[in-house]
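Chemist: Here is a sequence together with a model predicted from it:
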Amino acid sequence: MKHITLRQLRTVCAIHAEGKIVNAANRLGLTGPALTLQLRQLEEECGAQLFERATDGMRPTDAGIAVVEAALAIEERLRLLREEIDAIKGLRRGRLVVGAVSTAKYFAPQIIAGFKKLHPDIDIKLIVGNREQTIAKLKNHGLDVALMGRPPPDIQVDGRVFGDHPLLIVAAPDHPLARQRDITKARIAQEHFIVREPGSGTRVSFEHFMRDIPGRLDDPGTEMDSNETIKQAVMAGLGVAFISAHTVAYEVASDRLAALDVIGLPIRRQWFSVVRQDRAPTPALEAFRDFLTKKGPTFLPVLSRLYAAG
């Protein structure tokens, strides 16, 4: 495969990302026939078909997926090379792609703004998604670093703690349990829950908390795919929610939500900055992770009072 070119590899990545020849050609500034020729030449060089035509577009074969993964790794290494050369030349600029699980969106922009004040020449892109989406981008070399709870167990990563992550249960302020103390898990399990979608870190923690209540997880509750929607549903009295304290700090402080005094809560988790172990560190990445370790906790929302008075 010594005759494979970067242009051919970028062609495969574009087809994989766009799904259609015409869209991939537009992305690369080529004509459809020119892009098709690049693909055919690469397939001849590999001795294998890389894509199959399907009703919904171009679908990669097993060989195609292997080539895409190799191409992404090569692109990442070239980008690292640019940053390494810049560092050798004494330049302070760099580029970071930061992923954040959806719960972290309540503080990730403030962290990035604080870091940019110290390093204004480092360009940072923030990508927010649920836990599964963030892990998928980490696997595909789409992120330099991810801000999340538990590091993924199926990728070799380096995870560094940068702050506490408390999880609790909230209800509308006029809920009958809002002013009760020492609510048992068995009692709170009787309530209707508004829950995040499967795959989110909060949903995993909720299921872990409720797993010893027989039958409770057979019908977890009403699923909603965003913390904002869940908060609005709870404020409207549609149920209670197991949620990150960082997402409801403002609503609890302003008495729009009440944090329930459930025995065993809040659960104390941690926030991690996560990078792949096979990713070579760059000056920009190391500066960002060092900033998170030293200053990250100061950007995390804090509940001034955990439970309602009374």
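Modeler: Arrived safely. Residues are numbered from 1 along each chain as shown.
Chemist: Count the neighbours of the nearest residue in space to M1 that is not next to it in sequence for me.
Modeler: Nearest residue to M1 in three dimensions, chain neighbours excluded: E45, at 5.8 Å (C-beta to C-beta, 6 or more residues apart in numbering). The C-beta positions use only the backbone N, C-alpha and C, and glycine is treated the same way. If you count neighbours by other C-beta atoms under 10 Å, E45 ends up with 14.
Chemist: Identify each buried residue in whichever strand or helix holds E45, please.
Modeler: Using DSSP states H and E, E45 falls within helix 32-46. Neighbour-count burial for helix 32-46, with 16 or more other C-beta atoms under 10 Å as criterion, is recorded at 35-36, 38-39, 41-43, 46.
Chemist: Ok, stretch 11-31 next?
Modeler: 11-16, 18-19, 21, 23-25, 27-28, 30.
Chemist: Would you map the strands across the stretch 201-310 of the chain?
Modeler: 222-223, 241-244, 258-259, 267-276 (DSSP state E, counting those that start in this stretch).
Chemist: Tabulate those strands (a markdown table), appending distance to T282.
Modeler: Output for the strands of the stretch 201-310 of the chain, formatted as a markdown table (distance: least, C-beta to C-beta, whole Å):
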| stretch | distance to T282 |
| --- | --- |
| strand 222-223 | 39 |
| strand 241-244 | 30 |
| strand 258-259 | 41 |
| strand 267-276 | 10 |
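Chemist: Dump the buried residues of helix 32-46 to JSON lines, plus distance to K116 and pLDDT.
Modeler: Compiled in JSON lines, the buried residues of helix 32-46 are given as follows (distance: C-beta to C-beta, whole Å; pLDDT from 0 to 100):
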{"residue": "L35", "distance to K116": "37", "pLDDT": "92"}
{"residue": "T36", "distance to K116": "43", "pLDDT": "92"}
{"residue": "Q38", "distance to K116": "38", "pLDDT": "91"}
{"residue": "L39", "distance to K116": "40", "pLDDT": "94"}
{"residue": "Q41", "distance to K116": "43", "pLDDT": "92"}
{"residue": "L42", "distance to K116": "40", "pLDDT": "94"}
{"residue": "E43", "distance to K116": "44", "pLDDT": "93"}
{"residue": "C46", "distance to K116": "43", "pLDDT": "92"}
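Chemist: which one among the residues you listed gets closest to L72?
Modeler: L42 (15.0 Å; C-beta to C-beta).
Chemist: Quick check: D212 vs A249, distance?
Modeler: Distance, D212 to A249, by C-beta to C-beta, to the nearest Å: 29 Å.
Chemist: Compare those two (neighbour count), which wins?
Modeler: Using other C-beta under 10 Å, the more surrounded residue of D212 and A249 is A249, with 19 against 10.
Chemist: State the pLDDT value of the closest residue to that one other than its chain neighbours.
Modeler: In space, and not counting its chain neighbours, A249 is closest to P301: 3.8 Å by C-beta to C-beta, 6+ apart. With respect to pLDDT, P301 has a value of 84.
Chemist: How about A73?
Modeler: So A73 comes in at 89 (pLDDT).
Chemist: Double-check it against G142; I have them as touching.
Modeler: No. Using C-beta atoms under 8 Å, A73 is not in contact with G142, being 11.8 Å away.
Chemist: Could I get the buried residue list for stretch 274-293?
Modeler: Buried residues in stretch 274-293, counting neighbours by 16+ other C-beta under 10 Å, are found at 274-276, 279, 282-285, 287-289, 291-292.
Chemist: Not counting its own residues, what contacts that stretch?
Modeler: Residues from elsewhere that reach stretch 274-293 (C-beta atoms under 8 Å, 6 or more residues apart in numbering): 76-77, 80, 83-84, 87, 94-96, 98, 111, 114-115, 118-119, 122, 124, 138, 141, 144-148, 151-152, 155-160, 162, 273.
Chemist: can you map out the helices along the stretch 101-250 of the chain?
Modeler: Under the criterion DSSP state H, counting those that start in this stretch, helices of the stretch 101-250 of the chain are mapped to 108-118, 131-139, 185-188, 201-210, 227-235, 245-253.
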